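Peer 1: structure of the sequence below:
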Amino acid sequence: MISDLEKIDILRARLGVGYKEAREALDAAGGDVVQALINLEEGGHDLGERFQATGQQFMGQLKSFVNKGQVYRVKVKQGEKTVFEFPASLGALGLIGALASSEIAVLGAIGTVTAMAKKYTLEFERRVEPEDEQINTAACEADI
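Peer 2: Numbering: from 1, shown residues only. Have a look, this model is predicted:
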């Protein structure tokens, strides 16, 4: 005879639900594991469906982030000369990479010290109307 805990473990292993959710499904099915599985799947608690919905939501947020980042640009300047220009979203991805990897963080620190020694500045730009290619230079410049 299978105990309630073993039945709950079966539901959790099959569908990836929590203990509370598995217990409620088991109670609603009168202790029948197969019926509880059916009820959970019909209720949209299938693990694959959850991963797919979460993945779609993440991709939507990532696309929105990249699109917003295309509106903002970062310019690295030395005096009036623009040395390097890139979208702000690329800079944000670089920051995430630096947080995730100590090697990238060390390279970033070395680059920052070098930029400070050569008196580089950062200039942030925002495209007001991308269709007309009008540029609005933000008033925030940062010495590096």
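Peer 1: from here on, just use CA atoms for contacts and neighbour counts.
Peer 2: Will do.
Peer 1: just the helices in the chain please.
Peer 2: 4-15, 19-28, 33-42, 47-71, 88-100, 102-117 (DSSP state H).
Peer 1: closest one to Glu80 among those helices?
Peer 2: helix 102-117 (15.1 Å; Cα to Cα).
Peer 1: list the buried ones in that closest one?
Peer 2: In terms of neighbour count (16 or more other Cα atoms under 10 Å), helix 102-117 has its buried residues at Ile104, Ala105, Ala115.
Peer 1: same check, this time on stretch 82-102
Peer 2: Applying 16+ other Cα under 10 Å to stretch 82-102 flags Pro87, Ala88, Ser89, Ala98 as buried.
Peer 1: average model confidence for it?
Peer 2: What stretch 82-102 shows for mean pLDDT is 78.
Peer 1: CA-only coordinates of it in CSV, if you can.
Peer 2: Extracted in CSV, the C-alpha atoms of stretch 82-102 (Å, rounded to 0.1, in the frame of the first residue of the first chain):
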residue,chain,number,x,y,z
THR,A,82,34.5,59.8,-30.8
VAL,A,83,36.6,56.7,-30.3
PHE,A,84,33.9,54.1,-29.9
GLU,A,85,30.1,54.0,-30.1
PHE,A,86,27.7,51.2,-29.1
PRO,A,87,24.0,50.6,-28.2
ALA,A,88,23.3,50.8,-24.5
SER,A,89,21.9,47.3,-24.5
LEU,A,90,25.3,46.0,-25.5
GLY,A,91,26.8,47.8,-22.5
ALA,A,92,24.2,46.3,-20.2
LEU,A,93,25.0,42.8,-21.5
GLY,A,94,28.7,43.6,-20.9
LEU,A,95,27.9,44.6,-17.3
ILE,A,96,26.0,41.3,-16.8
GLY,A,97,29.0,39.4,-18.2
ALA,A,98,31.3,41.2,-15.8
LEU,A,99,29.1,40.2,-12.9
ALA,A,100,29.0,36.6,-14.0
SER,A,101,32.7,36.2,-14.8
SER,A,102,35.7,37.4,-12.8
